[in-house]
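Asks: let me see the structure of the following:
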Amino acid sequence: MKLLEHEAKQIFRAYGMKVAKSIVLDEWKEDSFATIQREVGENVVVKALVNVGGRGKAGGVLLPEPTPVAIQEACERLLGSELKGVLIEKVLIEERLFILHECYLSITLDRLKKSPIILFADDGGVEIEELAKDQPTAVRRSNVYPLCETIPDYISRYIVNQKSLQGIVKNVQIDAMTVAEIRKLVHTLYQIFREKDCTLVEINPLVLTPDGVYAADAKIILDDNALNRQHIKQNSDLSALEQEAESYGFSFVELDGEIGVIGNGAGLTMATLDLIHHYGEEFNIRPANFLDVGGGADKERVRLALTVLEKLPNLTVIVVNLLGGITRCDEVARGIIAADISHPLILRLAGTNEEEGRAILDGHGYIMHDCMESAIEAAISHVKANKNASDSSGGSA
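Replies: The predicted model follows:
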């Protein structure tokens, strides 16, 4: 689960890290400027509170003049607008820091080596991805083995190198105190990473100012499987439909395509999505979701899964691709009939009680496909026909 910037900075602040003074607004009120003056000051940055990358480049970070009118205009310009397709419902108003230099610091999971990895660049900011790609040695890396409670001092000494940092920063004196402060941040960030069950903790940029080292931005991603341990009841990353599916115990991800997918088992469901991409890529036809109904799905579980899928906004057709092992095909068939949904269904059931399931579905006019390739090709054809009908009628279909 991704935290919003102000949520991540609340954690940073609780661990003693320096972050700018700030407030969050969801609307502009008569007393908003007075509140900003009191809590933050007049020289501020206005940021869109959305979980998208490259906010600054996309116009989501504004630097208004320190006047009531300019700050109000900046807030109202962002609130209610969209940034990369995401609605901006809140803005973060922060004091503007006097930045002498920007660095980069993060801790994430190295899944290949199965350990946390610490990353640090003497030169950070919005181009860090390009820097890491074009100059791999510009980003110092260190894995942590084993998963220690604290990292050894030699790691932070390697990660934050005074001589290297001074070679990058031309107009600022990098003294031992500044280096020690950054090294302390490395240890603190690792503590947050462990104690908050993170998969990523990132500061970009980590800025040097006349008043010390500040986290000018903050990104934290929590392990979804540890939310209960972190006393988080609801995953804020989930859409309303994903929350509904989660309440039924489904593994469900909402996508932006036209073909709904129900499978049993993550492997089969992913294979179904892969086939849709394979056959549909030429026609820009994509899956609308991932839904693993699980093993042993009974009539009610199948009915609920179809009810969820029918609410997908761009849905044209649904593919049900199930292998009956502990799942019985006749139970699946009864769930399909009970759902009585309006969207077309393309079905492929195989395995336990397959013939019984086929007979039930045949009796209600459904056609069973013998293989998943045939089912996916039929779904692609249906979406193509629907698009052609829509185009020929001027979009009214």
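Asks: give me the pLDDT value at G325.
Replies: G325 is assigned a pLDDT of 87 by the prediction.
Asks: quick one: it and E354 touch, right?
Replies: No: using C-beta atoms under 8 Å, G325 makes no contact with E354, being 11.4 Å away. Yep, even glycine has a C-beta here, placed from its N, CA and C like the rest.
Asks: show me the shaky parts of the chain.
Replies: 125-129, 131-133, 170-171, 393-397 (pLDDT under 70).
Asks: quick one on the thing from earlier: more crowded one of G325 and E354?
Replies: E354 (18 against 13; other C-beta atoms under 10 Å).
Asks: with adjacent residues omitted, what lies nearest to the more buried one?
Replies: C329 (4.7 Å; C-beta to C-beta, 6 or more residues apart in numbering).
Asks: what separation do you get for that neighbour and N388?
Replies: 33 Å (C-beta to C-beta, to the nearest Å).
Asks: neighbour count for these two, which is higher?
Replies: C329 (24 against 11).
Asks: contacting residues for the more buried one?
Replies: By C-beta atoms under 8 Å, 6 or more residues apart in numbering, the contact list for C329 reads L322, L349, A350, G351, T352, N353, E354, E356, G357, R358.
Asks: repeat that with 10 Å
Replies: Residues in contact with C329 (C-beta atoms under 10 Å, 6 or more residues apart in numbering) are 322-323, 347, 349-358, 360-361, 368.
Asks: before we move on, what about A70?
Replies: E42, V44, V46, L62, L63, P64.
Asks: what subset of these is buried?
Replies: E42, V44, V46, L62, P64 (16 or more other C-beta atoms under 10 Å).
Asks: among the contacts of A70, give me the pair with the biggest separation.
Replies: E42 and L62 (14.5 Å; C-beta to C-beta).
Asks: which residues in the stretch 251-397 of the chain form strands?
Replies: 251-254, 259-263, 289-292, 317-324, 345-351 (DSSP state E, counting those that start in this stretch).
Asks: buried deepest among those, which one?
Replies: Counting by mean count of other C-beta atoms under 10 Å, strand 259-263 has the highest mean neighbour count of the strands of the stretch 251-397 of the chain, with a mean of 28.
Asks: check which helices and strands that strand is in contact with.
Replies: helix 266-280, strand 289-292, helix 299-309, strand 317-324, helix 329-339, strand 345-351, helix 372-392 (3 or more C-beta pairs under 10 Å, 6 or more residues apart in numbering; DSSP states H and E).
Asks: which one of those lies nearest to K114?
Replies: Across the helices and strands packed on strand 259-263, closest to K114 is helix 266-280 (C-beta to C-beta), at 20.5 Å.
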